[in-house]
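>>> Structure for this input, please:
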Amino acid sequence: MTDKELFKNIKKYMNKDITLEGWIRNHRKQKEFGFISFSDGTYFTQIQIVYEKDLKNFDDIQKMRVGSSIKVIGKVVESPKDDQAFEIHAKEIILLGDCLEDYPIQPKKHSREFLREQAYLRPRTNLFQAVFKIRSKASFAIHEYFQDRDYVYFHAPLITAADAEGAGEMFKVTTLDLDNLPKTEDNKVDFSKDFFGKQSSLTVSGQLQAETFALAYKKTYTFGPTFRAENSNTKTHANEFWMIEPEIAFCDLEQDMDIMEDMLKYVVKYVLDNCQEELKFLDNFVEKGLIEKLEKLVKSKAVRITHHDAIKYLIESGKKFEFTPQYGEDLAREHEKYLTEEKFNAPVFVYNWPKDIKAFYMRLNDDKETVAAVDLLVPGSGELMGGSQREERFDVLNNRMDELHMGKEELDWYLKLRQYGGCVHSGFGMGFERLIMYLTGIENIRDVIPYPRTPGNCEF
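Down below sits the predicted model:
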């Protein structure tokens, strides 16, 4: 049986013999008896195993080290301790897998920096047991939200010749011999000799391809890895990360915001309902007030303001910001914090952004200066999601790409999509790791990805 089965059905198993298999998390030895903190990973709370000297292999049990895997056969009994409902009185403890003395994850406090170096073992610690269980549950909730609403799950290609964001920060994919690159007559790399016959890269977004499915199924979503060759060492950037990107046909910006808010609240509520033990731990040891923050978000109603009004509120606040708010410019983290935590004390949608700081595919508004783009800012985290109504007009999109001097050869299909039964459609993207940071209170993206890929780091 599993730890979770036992915790969820404790009355059924009380005073009965059971068998468990898992790992020693702590081992306190006395002359006549001992206590083992035990976990098989299926439930956050550990189980106390009590063993006594009358066991035939008592001396061998006392030598069992932290990290070892064991089988425990014993009786479930009420615990004399107030902080635990039961304990196991062992009748037999069998060593399944020994653990060396230099096992790095000993029962003491370890820094997160140290644990990143032991990433293959850190899921055995309380902190990362909580973080990665929440990551798993949040992932399921996202799929459940969209599947229950008849969205088609679309697997976007990871190798692409199209730069969806126009940022150019893409990892190149090649089989060419880097020590002997083929060259064209003008001394440039001849990618016609490469595996795909053209220059290709790892995707930064599955959005453009997802739009093709939205114009066939009405509602679709991607949820998969994306890559960005950004040489940034901040706490919020990684070079490999997961994105949730829904695309919805016959949907304008207002409806897009409705879906963004509804989906976020659904996922947060699911985690609150299904990760109570993990959230209590994180509330105590990572971010005080975490549960209250999440519960408040679920009950809140997001405010909707234009980018112009957001800048106006910031200027009129009289606050001294490190970065002066300006019309036509992006919002800084301190601006987002003021809007969500001081001005409105609620999530805030900021929409109708200046076109010059947004992507080419966003729908141009009638003022010709802004696009129908939106960011969702949340208290305690700032920007969490971003979306837009996509430009469905062929001529406008074509002109916009010309303005930005974009090569249209690789995106010819994307333009034609507007001529083959195009319609008003919208979508949004959410970085999954940003969501997990918000749900857990963890401040560094490296601690919510099992094996983070950041500049200079490609371990495990």
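>>> Can you show me the strands along the stretch 1-150 of the chain?
When assigned using DSSP state E, counting those that start in this stretch, the strands of the stretch 1-150 of the chain occupy the ranges 17-29, 33-39, 47-52, 69-78, 86-97.
>>> Partner strands of the first one and their direction?
The strands that strand 17-29 pairs with in its sheet are strand 33-39 (antiparallel), strand 69-78 (antiparallel) (by DSSP bridges).
>>> Go through that strand and flag the buried ones.
Along strand 17-29, these residues count as buried under the neighbour rule (16 or more other C-beta atoms under 10 Å): 20, 22, 23, 24, 25, 27. To be clear about C-beta, it is placed using only N, CA and C from the backbone, and glycine gets the same treatment.
>>> ok, now which ones touch the third one?
Residues in contact with residue 23 (C-beta atoms under 8 Å, 6 or more residues apart in numbering) are 38, 39, 40, 41, 67, 68, 69, 70, 124.
>>> hmm, 6 Å instead?
Contacts for residue 23 (C-beta atoms under 6 Å, 6 or more residues apart in numbering) come out as residue 69.
>>> where's it relative to residue 238, distance?
Summarising the geometry, the distance separating residue 23 from residue 238, computed by C-beta to C-beta, to the nearest Å, is 29 Å.
>>> give me the low-pLDDT residue ranges for this structure?
Along the chain, segments meeting pLDDT under 70 span 163-168.
>>> one step back: using JSON lines, lay out the strands of the stretch 1-150 of the chain together with distance to residue 376.
Written out in JSON lines, the entries for these read as follows (distance: least, C-beta to C-beta, whole Å):
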{"stretch": "strand 17-29", "distance to residue 376": "39"}
{"stretch": "strand 33-39", "distance to residue 376": "37"}
{"stretch": "strand 47-52", "distance to residue 376": "41"}
{"stretch": "strand 69-78", "distance to residue 376": "44"}
{"stretch": "strand 86-97", "distance to residue 376": "44"}
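>>> Quick one: closest of those to residue 392.
For those, distance to residue 392 was read as C-beta to C-beta. The smallest value, 53.0 Å, belongs to strand 33-39.
>>> Any buried residues in that closest one, and which?
Buried residues in strand 33-39, counting neighbours by 16+ other C-beta under 10 Å, are found at 33, 34, 36, 37, 38, 39.
>>> tell me the angle it makes with strand 86-97.
In this structure, strand 33-39 runs at an angle of 80 degrees to strand 86-97, with axes from the mean of the first three to the mean of the last three C-alpha atoms, to 10 degrees as the basis.
>>> Going forward, count from 37.
Yes, from this point I'll number from 37; that puts the last item at strand 69-75.
>>> wait, which of the strands of the stretch 37-186 of the chain is closest to residue 346?
The closest approach between residue 346 and any of the strands of the stretch 37-186 of the chain, judged by C-beta to C-beta, belongs to strand 69-75 at 46.9 Å.
>>> Now do that closest one against strand 83-88, angle only.
Angle between the axes of strand 69-75 and strand 83-88 is 160 degrees (criterion: the same axes, to 10 degrees).
>>> Other residues contacting strand 69-75?
The contact list for strand 69-75, computed with C-beta under 6 Å, 6+ apart, reads 58, 60-64, 82-88.
>>> want to try a markdown table for these, with distance to residue 394 as columns?
A markdown table is the format used below for the contacts of strand 69-75 (distance: C-beta to C-beta, whole Å):
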| residue | distance to residue 394 |
| --- | --- |
| 58 | 51 |
| 60 | 54 |
| 61 | 49 |
| 62 | 52 |
| 63 | 57 |
| 64 | 59 |
| 82 | 49 |
| 83 | 53 |
| 84 | 56 |
| 85 | 58 |
| 86 | 62 |
| 87 | 64 |
| 88 | 69 |
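>>> Among these, find me the one that's closest to residue 458.
Proximity of these to residue 458, judged by C-beta to C-beta, is greatest for residue 58, which lies at 55.7 Å.
>>> I'd like to know how far the closest one sits from residue 86.
The span separating residue 58 from residue 86 equals 16 Å under the rule C-beta to C-beta.
>>> Assess the claim that residue 128 and residue 108 are in contact.
No: when contacts are counted by C-beta atoms under 6 Å, residue 128 is not listed as touching residue 108 (7.5 Å).
>>> which one of these two has more residues nearby?
Under the criterion of other C-beta atoms under 10 Å, the comparison of residue 128 against residue 108 puts residue 108 first, with 22 against 14.
>>> In contact with that one, which residues?
For residue 108, counting by C-beta under 6 Å, 6+ apart, the contacting residues are 56, 85, 126, 129.
>>> could the residues you listed be laid out in JSON lines, adding distance to residue 284?
Shown next, in JSON lines, are the contacts of residue 108 (distance: C-beta to C-beta, whole Å):
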{"residue": "56", "distance to residue 284": "47"}
{"residue": "85", "distance to residue 284": "52"}
{"residue": "126", "distance to residue 284": "56"}
{"residue": "129", "distance to residue 284": "56"}
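>>> and those residues, which are buried?
The neighbour count (16+ other C-beta under 10 Å) marks 56, 85, 126, 129 as buried among the contacts of residue 108.
>>> Of those, which is the nearest to residue 235?
Taking C-beta to C-beta as the measure, residue 235 lies nearest residue 56 of the buried ones among the contacts of residue 108, at 54.7 Å.
>>> Next, find the distance separating the residue lying farthest from the centre of the chain from residue 426.
Going by C-alpha atoms, centre = their mean, the residue of the chain most distant from its centre is residue 90, 49.3 Å out. Using C-beta to C-beta, residue 90 is found at 72 Å from residue 426.
>>> That's all I had, so thanks and see you.
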